[in-house]
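Colleague: Sequence first, predicted coordinates after that:
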Amino acid sequence: MNPDQRQPLPPVPAPYLLPFHYGALHNIGLDYLVDPGPARDLLAERHPGLVVTEFDGQACVSLNYQLYFAQYPNGGGITQEIEVNIIAHPAAEAHRLPALDYDQYARGFDQTKLLGIARIHVLCDNPLAIDAGRRLYAEPKYPGWFETTMPSLNGPADRRTWSIACKRARFTPDGAGIERDERTLFTLHADLDGLTSEPVNNTPITGYGTDPGAGLLAGPMNVYHPYQYHGITAATAHRVRLTVTDPAGDVGRHLDRLVGDTPAAGVWTYQSAPVAAHNRPYYLPAKA
């Protein structure tokens, strides 16, 4: 390509700065290998510059929940969000991709990083993060809120179970807050107790968005430690569940169409290491 034909970098609108640094991240992803037909149709509608990546003739739909903390000059903030993604790549770059099956993809063998997440829905409980995702990365991001249970060093030592309920929400009239609705849109459950995991180097993760004016853009996310990958078999498929409780809504309708009752193929998790611990107290004698 002639240097004069290269694309300029997307703008970074105020007040945002990039890169965005996470202070802590807790993350679970569920992958489903599905019929590529519905995925192709939805991708053509939402991201026409991308094509579905197929693994032995199947598309991969990935649901990605994040709980993260960020520190700012004037304080800190906690955000939760969940993405509904289709694994895809730019149509013009297909010739650069290695031939991979799903297990190789899940283990991070694609070092071109062209295999990325084409975001279909992103639900989030933080208005600032919604605005940033829309303006910086062209994410289809809108309000939602979450009830969660997940492994924690501040909980039972032997529990490795994740349960996430994604619920409907809306902006407050002034747009500065989120109003919660008790209606549950869908739930995720992954009981990983006793399942074997392995560390995988699958980042940076390329996230794709489509700006109505500028077209396709890609934003990579680095995670500075390996993920833990859990391969799911027929014997362990009952441990992982996606339940759509609002099939009439957009996200429920798309999940039913894309995934339906397909069992999960893999689960990947990441939890930030603790940086400090406040220890158990002890008594001091009243007198020497």
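Modeller: Received, thanks.

Colleague: correct me, but Phe146 touches Cys166?
Modeller: Yes: Phe146 lies in contact with Cys166 (CB atoms under 8 Å); the separation is 5.9 Å. (Each C-beta comes from the backbone N, C-alpha and C, glycine too.)

Colleague: Please identify which of those two sits among more neighbours.
Modeller: Cys166 (28 against 17; other CB atoms under 10 Å).

Colleague: which element is the more buried one on?
Modeller: strand 161-171 (DSSP states H and E).

Colleague: In that strand, which residues are buried?
Modeller: Neighbour-count burial for strand 161-171, with 16 or more other CB atoms under 10 Å as criterion, is recorded at 162, 164-169.

Colleague: Between the residues you listed, which sits nearest Ala88?
Modeller: Nearest to Ala88 among those is Cys166, at 22.3 Å by CB to CB.

Colleague: low-scoring stretches of the protein, by residue?
Modeller: The model of the chain has pLDDT under 70 over residues 1-4.

Colleague: Give me the residue at the spatial middle of it.
Modeller: Asn64 (2.8 Å; CA atoms, centre = their mean).

Colleague: Report the beta-bridge partners for it.
Modeller: When assigned by DSSP bridges, Asn64 has beta-bridge partners Gly29, Glu83.

Colleague: Residue numbering should commence at 43 henceforth.
Modeller: All right, first residue 43 from here; so that's Asn106.

Colleague: coming back round to it: which residues do Phe188 and Cys208 both contact?
Modeller: When contacts are counted by CB atoms under 8 Å, 6 or more residues apart in numbering, the set common to Phe188 and Cys208 consists of Ile124.

Colleague: Which residue ranges of this structure form strands?
Modeller: 66-76, 92-94, 101-114, 117-132, 158-166, 183-191, 203-213, 220-233, 240-242, 247-253, 257-263, 269-273, 282-286, 308-313 (DSSP state E).
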